[in-house]
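**Q** Turn this into a model:
(one chain, ligands or ions: 1)
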Amino acid sequence: MNPPRERSKRIVIAGGSGFLGISFADHLAELGKSVVILSRHCPKVHGQWDHVEWDARSLGDWVGALDGADAVVNFTGRSVDCIKTPDHRDEILRSRVEATRILGKAMRSIASPPPVWVQMSTAHIYGDPPSVVCTEDSPSGIGLAPEIGIAWEREFDSAIIAGQRGVVLRTSFVIGRDRGAGKGAMGKLGILARLGLGGTVAGGSQGMSWIHEHDMNRIVERAISEPSMEGVYIASAPNPESQEAFMRKLRRSIRMPIGLPASEWMVRLGARFLLRTDPELAIYGRYVRPQRLLDEGFRFRFAELGDALEELRCDQPPLHGYGTLLGAN
Ligand SMILES: NC(=O)c1ccc[n+]([C@@H]2O[C@H](COP(=O)([O-])OP(=O)(O)OC[C@H]3O[C@@H](n4cnc5c(N)ncnc54)[C@H](OP(=O)(O)O)[C@@H]3O)[C@@H](O)[C@H]2O)c1
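**A** Numbering: from 1, shown residues only. You can find the predicted model right below:
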């Protein structure tokens, strides 16, 4: 008689309809996992997952999706790639804090809450130190992004339930493919670079910490399946670049010889009136190092930016199944 087949793991991705959610859902679906995406809108792209609607702030029928799930991953949050009007600031904060809070309430209302909660956070929590390399032990910074990151993590600390294993991922700039749900900030950056405008910004020494989506997905997967992972981790490749070097490597990968430099005032005008975004996302930056992941033996598939950009430039199908822990069913 054949041994009974292991039940497929069910993983709920809150805020899973965007760039990172679809990338991770795709990664899990390739492994044969059962995936539920919780979001306000139906994902723009079809895939091997179920969609459950929520409002990200109050209890509803969606709570049933969590009951008996093996893990919840929370990616919910309004994009920070916008002009920081009071309304936008408010929504950036509330979407993160309220979604985390209601997930915690939902966990308390069901018979069988997921044993693992993987929570998105931001490497911007360290602020914008010009040259210091931040690790998990570094103090948080000052300003809007660190304040939001602190509030987000604090809410997670109160929302997580007793006995649940929680992993917080302070994530840097994720570079990846557009699977129909956008590709984050790389979309705009790629267009600028192709127009010959991808040069040094405001001197170019500010840090650009980055991670390839494939490594990001492997880290989330590891956070779900590795019982020793708990607490705060930096999710970023081990070799952050300066803004100048990042753009030089990006131009090289797309074979664009020209990259006009821009001074701070040019970026402030261009970001506001042409790109409709926050100029400080380009003017400032940070260098972070994933110390805990490195200490715990995580091997990055893309440790060097040049390799990561080259893989994304190539018209290859997305990478799957490299060093997976959850295992295909
Ligand atoms: N991409 C990166 O480089 C990066 C780096 C560090 C951290 N992060 C964080 O990772 C998370 C996911 O990033 P992403 O690039 O996938 O973002 P995204 O493409 O903008 O997706 C955001 C997700 O949050 C939901 N959402 C957006 N606004 C919301 C609101 N006001 N209330 C409730 N839900 C809302 C969206 O679904 P609905 O609108 O359908 O509800 C979507 O599922 C975000 O929290 C982001 O800050 C991203």
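
**Q** for this protein, which helix is longest?
**A** Longest helix in the chain by number of residues, with DSSP state H as the criterion: helix 86-108.

**Q** What residues of that one count as buried?
**A** By neighbour count on 16 or more other Cβ atoms under 10 Å, the buried set for helix 86-108 is 89, 92-104, 106-107. Backbone N, C-alpha and C define where each C-beta goes, glycine included.

**Q** Let me know the closest of these to the ligand.
**A** Nearest to the ligand among the buried residues of helix 86-108 is Ser95, at 3.4 Å by Cβ to the nearest ligand atom.

**Q** Can you point out the buried residues in the helix or strand containing Gly270?
**A** Using DSSP states H and E, Gly270 sits in helix 264-270. Within helix 264-270, the residues that count as buried by 16+ other Cβ under 10 Å are Val267, Arg268, Gly270.

**Q** who touches the second one in this structure?
**A** Contacts were defined as Cβ atoms under 8 Å, 6 or more residues apart in numbering; by that measure Arg268 touches Pro279, Ile283.

**Q** from what I can see Ala111 touches Leu66, true?
**A** No: counting by Cβ atoms under 8 Å, Ala111 does not reach Leu66; the two are 10.4 Å apart.

**Q** Looking at these two, which one has more neighbours?
**A** Leu66 (22 against 6; other Cβ atoms under 10 Å).

**Q** quick one on the thing from earlier: with the buried residues of helix 264-270 in mind, which one is nearest to Leu144?
**A** Using Cβ to Cβ, Arg268 is the member of the buried residues of helix 264-270 that sits closest to Leu144, with 16.3 Å.

**Q** Ala202 versus the closest one, what's the distance?
**A** Between Arg268 and Ala202 the computed distance is 9 Å (Cβ to Cβ, to the nearest Å).

**Q** do the same with Lys33
**A** To Ala202, Lys33 is 43 Å away according to Cβ to Cβ.

**Q** Likewise for Tyr233?
**A** 30 Å.

**Q** quick one: common contacting residues for Arg268 and Ala202?
**A** The contact sets of Arg268 and Ala202 overlap at Ile283 (Cβ under 8 Å, 6+ apart).

**Q** Break down the stretch 101-250 of the chain into its strands, ranges please.
**A** Under the criterion DSSP state E, counting those that start in this stretch, the stretch 101-250 of the chain contains strands at 116-122, 133-134, 165-171, 173-175, 207-208, 210-212, 231-235, 241-242.

**Q** The fifth one vs the ligand: in contact?
**A** No: interface with the ligand: strand 207-208 contributes nothing (Cβ under 6 Å from any ligand atom), its closest point being 11.3 Å away.

**Q** hmm, back to that, next one: the following helix or strand past the helix holding Gly270, is it in contact with the ligand?
**A** Using DSSP H and E, the helix or strand that follows helix 264-270 in sequence is helix 280-283. No: contact of helix 280-283 with the ligand is not found when judged by Cβ under 6 Å from any ligand atom; the minimum separation is 10.8 Å.

**Q** and helix 280-283, what's its mean pLDDT?
**A** In this model, helix 280-283 has an average pLDDT of 91.

**Q** Give the other helices and strands that it contacts.
**A** If contacts are counted by 3 or more Cβ pairs under 8 Å, 6 or more residues apart in numbering; DSSP states H and E, helix 280-283 sits against helix 264-270.

**Q** Report whether stretch 173-186 contacts the ligand.
**A** Yes: for stretch 173-186 and the ligand, the contact criterion (Cβ under 6 Å from any ligand atom) is met by Phe173, Val174, Ala181, Gly182, Gly184.
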